[in-house]
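Colleague: Next one to model:
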Amino acid sequence: MTLFMKKSVMMTVMLLFFTFTPGFGHAASNNTISKIDQFIKEQQTISKIPGISVIIVDKGKTVYQRGFGFADTKTKTPVTSDTLFELGSTSKAFTGLAILQLEKQGLLKRSDDVRKYIPWLSLTYKGEDQAVTIQQLLSHTSGIPSNSITQIPESTADNALELTVKTLLDQSLNRQPGSSFEYATINYDVLGLVIEQVTKQPFDQYIQQKILQPVGMHQSFVGIHQVHSTHMASGYKIGLMREQRYIPPIYRGNIPAGYIISNANDIARWLKLQVGNSDIYSISNNLIQESHTPDLTVEPFDTNTYYANGWAVVKKDTKSYIYHAGENPTFSSYFILQPDEQIGVAILANMNTSSTTAIGQGVMDLWEGKTIDMQHISSYQKLDKIVTIICAIIIAISIIFCYLFVQNIRSLYKKQRSMANLNYKRILLLSAHTILVATMLTALFITPNIVLGGLNWTFIKVWAPTSITFLLYSSISASLLYLLLGFMMIGTKRKN
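Modeller: Numbering: from 1, shown residues only. Next comes the predicted model:
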């Protein structure tokens, strides 16, 4: 064999090797993608989420971007890469990054007392004024209670952000600032107002100009009031064991904490920026890494988990993961990053459910080659199932009350019963019956505030499964029917 022939054979072998080797890699990739597809479809069926958008980026490339289900179940509009979703609390990372930008420009310091920028924001703990820093707001160590979310006002006004922050003037801190972690969404609304005060711009305009546009997120919006697009998904809640369309109130004052609106195309760019492999250079990688730096001055809020600037950071299996979940009344999202491998996963959904988090964690595990055995059922689904059964029982009891009431009316009409004289005994019985029903209704209205740490029915109606509201109204109806039936039975008597 001549040297030329040997070289030719070697080149042929090498050519065949490099031709077929990528094929094996591609097959493995297809196998992983098939597993991810199957996993998402199974979880979507279990969770009853109408529409899901899933994005995976790996080393600067979008390697997976798919939509599942419907943006609107009535019109059967499918989820696409253009479908817009509210992000919920994954919006906090945008606000946190904006604060770090302003610090880099020398316009504020995270160690500053927030009153330097909002002088009227006087916060107290056990009756004493407290200095709350911007860093404490970023890391949820300000002492602002988590149930402060119930006081966020419904508003579409231009000054809604200020109105939201002013609700804190009527609330005390429930811990010393800087002493421990307590997640309170309104922390980031305060930061949003700080941004407005420093930049002399509305928050939504600043984020558009200084965060979204530089990142190339041209299809994203800061608040629902900015959205003029036919691609906006309809929002849903679980209720009576199925998805229910629901249009919640508008909380414009809560935009910095939860109302960035985006789609798969733009979130892919956001993930690439976060994992440090992107062509977006107007926001430095050092600044991004700083936004991922956790506050280690307090105890972890979960196992090996600390809060950063709109992100949570956890150490797991010798790897660090950066993540955050987001839930609004009718939308949810979950972002998780593995910066060492430059992997990012995002899940967007048009239903408020923790299943979004479970899907995101499962997709990350599958992409990393791990095996999973997960059939997550969200706490809202479990609650909804129990409440639906209770509602069915209450409706059955109400039907019995209605039947008995109608029977008594018929007896009066047929003169089988007649009105009774209101003697002392009957008056006492009527009074006791009225007090009993009034007590039942009062307990119904005040129980959430006592049992659920200050939550009220207005908040529950917006955030909880629709079956909870149905339970409230059916319980009121059953109580009133019971009241009327009692009046009928006590106030009339059977003729001899």
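Colleague: quick one: contacts for Glu182?
Modeller: By Cβ atoms under 8 Å, 6 or more residues apart in numbering, the residues touching Glu182 are His140, Thr141, Gly143, Ile144, Pro145, Ser146, Asn174, Arg175. To be clear about C-beta, it is placed using only N, CA and C from the backbone, and glycine gets the same treatment.
Colleague: Quick check: the gap between the nearest residue to the fifth one once chain neighbours are set aside and Pro248.
Modeller: Leaving aside its chain neighbours, Pro145 sits nearest to Asn174 (4.4 Å; criterion: Cβ to Cβ, 6 or more residues apart in numbering). Using Cβ to Cβ, to the nearest Å, we find Asn174 at a distance of 27 Å from Pro248.
Colleague: my guess is Trp64 is in a strand, correct?
Modeller: Quick fix: residue 64 is Tyr, not Trp. Yes - assessed by DSSP: H, G, I helix; E, B strand; the rest coil, Tyr64 belongs to a strand.
Colleague: Now do it: how many residues are near it, please.
Modeller: 19 (other Cβ atoms under 10 Å).
Colleague: Quick check: closest non-adjacent residue to it.
Modeller: Nearest to Tyr64 is Ile56, by Cβ to Cβ, 6+ apart, at 3.8 Å.
Colleague: Same check on Trp367?
Modeller: Ile56 (5.9 Å).
Colleague: do the same with Gln43
Modeller: Gln43 sits nearest to Ile359 (Cβ to Cβ, 6+ apart), 5.0 Å away.
Colleague: mind showing which ranges of this structure have poor pLDDT?
Modeller: 1-28, 278-279, 281, 496 (pLDDT under 70).
Colleague: before we move on, the earlier item: what remains of the contacts of Glu182 if I keep only buried residues?
Modeller: His140, Thr141, Gly143, Ile144, Pro145, Ser146, Arg175 (16 or more other Cβ atoms under 10 Å).
Colleague: one step back: can you lay out the contacts of Glu182 as CSV showing secondary structure and distance to Thr199?
Modeller: Putting these into CSV (DSSP: H, G, I helix; E, B strand; the rest coil; distance: Cβ to Cβ, whole Å) gives the following:
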residue, secondary structure, distance to Thr199
His140, coil, 23
Thr141, coil, 25
Gly143, coil, 26
Ile144, coil, 23
Pro145, coil, 28
Ser146, helix, 28
Asn174, coil, 31
Arg175, coil, 31
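Colleague: and which of those is nearest to Tyr188?
Modeller: Distance to Tyr188, by Cβ to Cβ, is smallest for His140 among the contacts of Glu182, at 9.0 Å.
Colleague: I'd like to know how many residues surround the nearest residue to the closest one once chain neighbours are set aside.
Modeller: Among residues not flanking His140 along the chain, Tyr183 sits closest, at 5.0 Å (Cβ to Cβ, 6+ apart). Around Tyr183 there are 13 other residues, counting by other Cβ under 10 Å.
Colleague: quick one: the strands in the stretch 101-250 of the chain?
Modeller: With strands called from DSSP state E, counting those that start in this stretch, the stretch 101-250 of the chain shows them at 123-125, 128-130, 221-222, 236-239, 242-245.
Colleague: Contacts for the fourth one next, please.
Modeller: By Cβ under 8 Å, 6+ apart, the residues outside strand 236-239 that reach it are 48-50, 73, 243-246, 329-330, 350-353, 378, 380-381, 384, 464-467, 470.
Colleague: Same check on stretch 148-161?
Modeller: 163-164, 167-168, 170-171, 184-186, 189, 192-193, 196, 202-203, 225, 249-256, 454-456, 458-459.
Colleague: From Leu163, how far out is Glu154?
Modeller: 10 Å.
Colleague: and the residue nearest to His140, how far is that from Ala257?
Modeller: 11 Å.
Colleague: ok, Pro202 - contacts?
Modeller: Per Cβ under 8 Å, 6+ apart, neighbours of Pro202: Asp158, Glu196.
Colleague: and with 7 Å instead?
Modeller: Contact partners of Pro202, counting by Cβ atoms under 7 Å, 6 or more residues apart in numbering, are Glu196.
Colleague: Phi first, then psi, for it.
Modeller: For Pro202, the backbone dihedrals (degrees, to the nearest 10) come out as phi -60, psi 140.
Colleague: now do Gly216
Modeller: phi 80, psi 20.
Colleague: Look up how far Thr75 lies from the residue nearest to the spatial centre of the chain.
Modeller: Nearest to the geometric centre of the chain sits Glu327, at 0.4 Å (Cα atoms, centre = their mean). Going from Glu327 to Thr75 by Cβ to Cβ gives 25 Å.
Colleague: Can you tell me how far Ser142 is from Ala184?
Modeller: 7 Å.
Colleague: returning to what we had before: that's a helix at the residue nearest to Tyr64, yeah?
Modeller: No - Ile56: not assigned to a helix; according to three-state DSSP it is strand.
Colleague: So that it lines up with my notes, have the first residue be 613 from now on.
Modeller: All right, first residue 613 from here; so that's Ile668.
Colleague: Could you report the neighbour count for it?
Modeller: Neighbour tally, Ile668, other Cβ under 10 Å: 23.
Colleague: swap in Ala961?
Modeller: Neighbour tally, Ala961, other Cβ under 10 Å: 34.
Colleague: do the same with Leu1092
Modeller: Leu1092 has 14 nearby residues by other Cβ under 10 Å.
Colleague: Surely Tyr729 touches Val810?
Modeller: Yes - the criterion here is Cβ atoms under 7 Å, and Tyr729 meets it with Val810 at 6.2 Å.
Colleague: Just give the closest residue to Val999, not the sequence neighbours.
Modeller: Val999's closest residue in space is Ser1079 (Cβ to Cβ, 6+ apart), at 4.4 Å.
Colleague: cool, and Lys653?
Modeller: Counting by Cβ to Cβ, 6+ apart, the residue nearest Lys653 is Phe680, at 6.6 Å.
Colleague: and the one you found, helix, strand or coil?
Modeller: Relying on three-state DSSP, one would call Phe680 strand.
Colleague: That one contacts Glu654, doesn't it?
Modeller: No - look at Phe680 against Glu654 with Cβ under 7 Å: they stay out of range, at 10.9 Å.
Colleague: neighbour-wise, which of these two wins?
Modeller: Phe680 (19 against 14).
Colleague: need the contact list for the residue nearest to Lys653.
Modeller: Ile652, Lys653, Gln656, Gly663, Ile664, Val691.
Colleague: Tell me which entries of the residues you listed lie within strands.
Modeller: Gly663, Ile664 (DSSP state E).
Colleague: could the contacts of Phe680 go into a markdown table alongside distance to Lys1107 and neighbour count?
Modeller: Below are those laid out as a markdown table (distance: Cβ to Cβ, whole Å; neighbours: other Cβ atoms under 10 Å):
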| residue | distance to Lys1107 | neighbour count |
| --- | --- | --- |
| Ile652 | 69 | 21 |
| Lys653 | 67 | 13 |
| Gln656 | 63 | 19 |
| Gly663 | 63 | 27 |
| Ile664 | 66 | 27 |
| Val691 | 67 | 25 |
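Colleague: And the contacts of Phe680, which is closest to Asp929?
Modeller: Ile652 (23.1 Å).
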